[in-house]
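Chemist: Let's see this in three dimensions:
(one chain, ligands or ions: 1)
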Amino acid sequence: MDTLDIAFAEARRFLNSLGTRPVAARGTADEMRLPLPAQFPERGMPANDVVRAIAAAAEPGLTGNAGGRFFAWVKGGALPSALAADILCSAWDQNAVLASTSPAGAVLEEVAGRFLLDALRLPTDASYAFVTGCQMAHATALAAARHAVLEQKGWDVEAKGLQGAPAIRVLANAHHHSSVTRALRLLGLGSDCIVPLSGDRPGLVGPEVLRAALAEAPDAPTIVILNAGDLNIGACDDFSTLCPIAQAAGAWVHVDGAFGLWANASPRLSALVAGVERADSWATDGHKWLNTPYDCGMAITRHASAHIAAMRMTAAYLTNGGPVRDPMDFTPEWSRRARAIPALAALMELGRDGLAAMIERCCDHAAAIYDGICKLEGATGIARPTMNQGLVRFDAKDGANISDAVIASINASGEAFLSGGSWNGERVMRISVCGWNTNANDVARTVAAARHALSDMR
Ligand SMILES: *Cc1c(COP(=O)(O)O)cnc(C)c1O
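Modeler: The predicted structure follows:
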């Protein structure tokens, strides 16, 4: 067998085991270290032995999020075409930095970007970047925002930096994801620039709260950050109302749509994110709900010139500016994987109807898991999924909150994998369904695992 055959055999064996292997990784760190050399080898090893050793080392430590019963955090699997295209990307080893370094990388990224904007129903002339994940999509889009709000004040942030610049304030949904905070840190704005906004409804910014916050410093350069899907209950801000309020005050509106932006791809669910196309920038992920392999995030902005101003670099040895879009004009990276290609594959495999069906199916499965678990003695529904995220709480007979213990017991069963969180000060179990391959049988097995865990503990 040649080295690639060994890798393919290992990949197939893993994928075929997903229906029966425990969803949680089982191995100890020592088990994972054992097949590997204890020290950096003095002499190299045959490639086939290297691949076998690495596969043996990884096996006990692999998490089954590529399968149908993984509902922790927010993770998708990988569609067959996206996985296969990703393998080709590695084989081709293209540097998708410039059109000249990889015509294929640049042109296929252009097609992927066009399809992406269409799938998400965002402006067809928006600019986009394929980055490592939503974290870096925030950093990229917020760099464009930083450029634009300071340019309004006559400040060139790319040349002068932030020292001496007018202070930017960020009015953000109080339930913003920590990756937003870190993006602001990376951009030199710091977490203290965030003014958290809430409202009357859980997880949502109220229009009066936004108006009042904007009025507090009408002249300050301002970025507003809203949520399309918070990670606890999938709450989506009222974009139709909030975007015009913020934009009338000269603010840039950025949307964290890591997974929730994909609701816009479904005619049934798009009302949840009504008006989201009015924002100035959006960050989302391919590796969550589009079901591409890691790593794939997308930064999208309505203002291509601000996006390019924030990112473009020129150097004597580069050959940018031809008829084909140069990816690095839009990304914080220099050399980069052609990660748009697996996203292109996923978009083509699904098409508009398949994408909508996948998004709707995940939401239906999330509701079915929630409803099934809520019927169990000791389970209380906290938030029924309106999208693909729900919350439940588990109580002992004496009323003690045993959510974390029940989660641990379900995960230890190997049947399903879930994670916890805090909501209104109490511990809860989160249900998050993003996988293309979750089916009704997976839902039934998950509810059964929760029933067993609860009956063992109560
Ligand atoms: C996952 C997630 C992020 C971060 O995305 P990465 O792809 O992990 O960088 C940001 N916001 C929300 C709402 C998320 O669910």
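Chemist: Could you pick out the residues of this structure near the ligand for me?
Modeler: Contact residues, the chain versus the ligand (C-beta under 6 Å from any ligand atom): 74, 133-135, 177, 179, 229, 231, 256, 258-259, 285, 297. Using the backbone N, CA and C atoms, a C-beta is placed for each residue, glycine as well.
Chemist: got the residues you listed as TSV, with secondary structure, pLDDT and neighbour count columns?
Modeler: Output for those, formatted as TSV (DSSP: H, G, I helix; E, B strand; the rest coil; pLDDT from 0 to 100; neighbours: other C-beta atoms under 10 Å):
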residue	secondary structure	pLDDT	neighbour count
74	coil	97	24
133	coil	98	20
134	helix	98	29
135	helix	98	21
177	coil	98	22
179	helix	98	19
229	coil	98	31
231	coil	92	20
256	strand	98	30
258	coil	98	27
259	coil	98	27
285	strand	98	29
297	strand	98	28
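Chemist: quick one: which helix or strand includes residue 172?
Modeler: Using DSSP states H and E, residue 172 sits within strand 169-173.
Chemist: Correction: the previous question concerned residue 300.
Modeler: Following DSSP H and E, one finds residue 300 within strand 297-301.
Chemist: Okay, angle between the helix or strand that that strand is followed by and strand 297-301 too, please.
Modeler: Sequence order places helix 304-311 as the next helix or strand after strand 297-301, per DSSP H and E. Angle of helix 304-311 versus strand 297-301, following axes from the mean of the first three to the mean of the last three C-alpha atoms, to 10 degrees, is 130 degrees.
Chemist: Just the buried positions in helix 304-311, please.
Modeler: Within helix 304-311, the residues scored as buried using 16 or more other C-beta atoms under 10 Å are 306-311.
Chemist: how many other residues sit next to the nearest residue to residue 269 once chain neighbours are set aside?
Modeler: Once flanking residues are discounted, residue 269 sits nearest to residue 263: 4.2 Å by C-beta to C-beta, 6 or more residues apart in numbering. Around residue 263 there are 29 other residues, counting by other C-beta atoms under 10 Å.
Chemist: and if you look at the one 3 residues further on?
Modeler: The criterion is other C-beta under 10 Å. On that basis, residue 266 has 22 neighbouring residues.
Chemist: quick one: which two of the buried residues of helix 304-311 are the most distant?
Modeler: Farthest-apart pair in the buried residues of helix 304-311 is 306 and 311; separation 9.7 Å (C-beta to C-beta).
Chemist: any shared contact partners between these two?
Modeler: Residues touching both residue 306 and residue 311 (C-beta atoms under 8 Å, 6 or more residues apart in numbering) are residue 144.
Chemist: Tell me how far the helix or strand encompassing residue 136 lies from the chain's centre.
Modeler: Assigned by DSSP H and E, residue 136 belongs to helix 134-151. Its chain's average C-alpha position is 17 Å from that of helix 134-151, according to C-alpha atoms, centre = their mean, to the nearest Å.
Chemist: likewise stretch 420-434?
Modeler: On C-alpha atoms, centre = their mean, the centre of stretch 420-434 falls 18 Å from the chain's centre.
Chemist: again with stretch 10-17
Modeler: The chain centroid and the centroid of stretch 10-17 are separated by 25 Å under C-alpha atoms, centre = their mean.
Chemist: List the buried residues in that stretch.
Modeler: Across stretch 10-17, burial judged by 16+ other C-beta under 10 Å covers 10, 14.
Chemist: go on, stretch 96-111?
Modeler: Neighbour-count burial for stretch 96-111 flags 96-99, 101-102, 105-106, 108-110 (criterion: 16+ other C-beta under 10 Å).
Chemist: Let's have those in CSV, adding distance to residue 16, secondary structure and pLDDT.
Modeler: Formatted as CSV, those follow (distance: C-beta to C-beta, whole Å; DSSP: H, G, I helix; E, B strand; the rest coil; pLDDT from 0 to 100):
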residue, distance to residue 16, secondary structure, pLDDT
96, 32, coil, 98
97, 37, coil, 96
98, 40, coil, 95
99, 39, coil, 95
101, 37, coil, 96
102, 33, coil, 97
105, 31, helix, 98
106, 36, helix, 97
108, 30, helix, 98
109, 32, helix, 98
110, 36, helix, 98
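Chemist: could you point out which element follows the helix or strand where residue 116 lies?
Modeler: Residue 116 belongs to helix 103-119 when elements are defined using DSSP H and E. Moving toward the C-terminus from helix 103-119, the next helix or strand (DSSP H and E) is strand 127-131.
Chemist: Strands of the stretch 301-450 of the chain, start to end?
Modeler: Using DSSP state E, counting those that start in this stretch, the strands of the stretch 301-450 of the chain run over 379-383, 389-394, 419-423, 426-432.
Chemist: looking at the ones you listed, which is buried most?
Modeler: Between the strands of the stretch 301-450 of the chain, strand 389-394 has the highest mean count of neighbours, a mean of 25, where neighbours are mean count of other C-beta atoms under 10 Å.
Chemist: Quick one: list the elements packing against that strand.
Modeler: helix 340-374, strand 379-383, helix 403-413, strand 426-432 (3 or more C-beta pairs under 8 Å, 6 or more residues apart in numbering; DSSP states H and E).
Chemist: Using the record's assignment, carve this protein into domains.
Modeler: 3-66, 83-347 (automatic domain parsing).
Chemist: now, of the ones you listed, which is deepest in the fold?
Modeler: Using mean count of other C-beta under 10 Å, domain 83-347 ranks as the most buried of the domains of the chain, with a mean of 20.
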